[in-house]
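**Student:** One predicted model, sequence on top.
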Amino acid sequence: MNYDSIATQIIGLKKADLALRSRLVRAGQLNEGYHPEMEALHVRNADTLNELIDEIGYPTVNKVGEEACSAAWLVIQHAISKPGFMKKCRRLLEKAVAEKKVPAQNLVYLTDRIDVFEGKPQQYGTQFDWDENGELSPNLFDDLTKVNERRKAVGLNTLEVQTSLIRRQAKEENQSPPINLESKKAAYEKWRRKVGWTV
């Protein structure tokens, strides 16, 4: 098994993702919902990574190295149109984290993302979206004290600190809230049903 070749392939998926995101940010095209070009790339990347996972199992650090392991996580995290794939990866990640072959934070972010798309409160407060005041705020979570305790246990800063960092990054990237939040929410709910997060 040529893990070096597979690692290079996975890192290439991440690079393509970040390059497209950078171009869309510069063009101001990430504010009004899930850009079709971005979704198409995320689906292709997920399909490619899924084939590699079927071949080698989860791309852990000991198999493909830290950079490719991190790249695989990013591809999984962005595979939001593929609920089955994301849930499959969560199961694999749970085992890999228990065996200390993957950083626990990877599982934390993926678990929160799945919970948010399923309409459940997130446990760690890692997922953000635009609110009614035109600010990026954490998606629904259960209890701030518990969230901060969970975050501390996996080496994350407090939710308050993270919120300020997320908002600062958005300003640096000239991101702005959607022009019509209600329209964006309606489109989001339609998309969630289409791809299978809800029925």
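**Tutor:** Yep, that arrived. Numbering: from 1, shown residues only.
**Student:** who touches residue 7 in this structure?
**Tutor:** Listed by Cβ atoms under 8 Å, 6 or more residues apart in numbering, the contact partners of residue 7 are 59, 64-65, 67-68. Quick note: C-beta positions are derived from backbone N, CA and C, even for glycine.
**Student:** Go through those and name the one nearest residue 77.
**Tutor:** Minimum distance to residue 77 across the contacts of residue 7 is 13.5 Å, recorded for residue 59 (Cβ to Cβ).
**Student:** ok, that closest one to residue 155 distance?
**Tutor:** Distance, residue 59 to residue 155, by Cβ to Cβ, to the nearest Å: 21 Å.
**Student:** more crowded one of those two?
**Tutor:** Using other Cβ atoms under 10 Å, the more surrounded residue of residue 59 and residue 155 is residue 59, with 29 against 10.
**Student:** What values do phi and psi take at that one?
**Tutor:** phi -80, psi 80 (degrees, to the nearest 10).
**Student:** Quick one: neighbours of the residue lying closest to it once chain neighbours are set aside, just the number.
**Tutor:** Closest residue to residue 59 apart from its sequence neighbours, by Cβ to Cβ, 6 or more residues apart in numbering: residue 72 at 4.2 Å. Counted with other Cβ under 10 Å, the neighbours of residue 72 add up to 29.
**Student:** Could you confirm residue 72 falls within a helix?
**Tutor:** Yes: the assignment for residue 72 by DSSP: H, G, I helix; E, B strand; the rest coil puts it in a helix.
**Student:** In this protein, which residue is most central in space?
**Tutor:** The chain has residue 77 as the residue nearest its centroid, 3.1 Å off, counting by Cα atoms, centre = their mean.
**Student:** just checking, it touches residue 109?
**Tutor:** Yes: counting by Cβ atoms under 8 Å, residue 109 is a contact partner of residue 77 at 6.1 Å.
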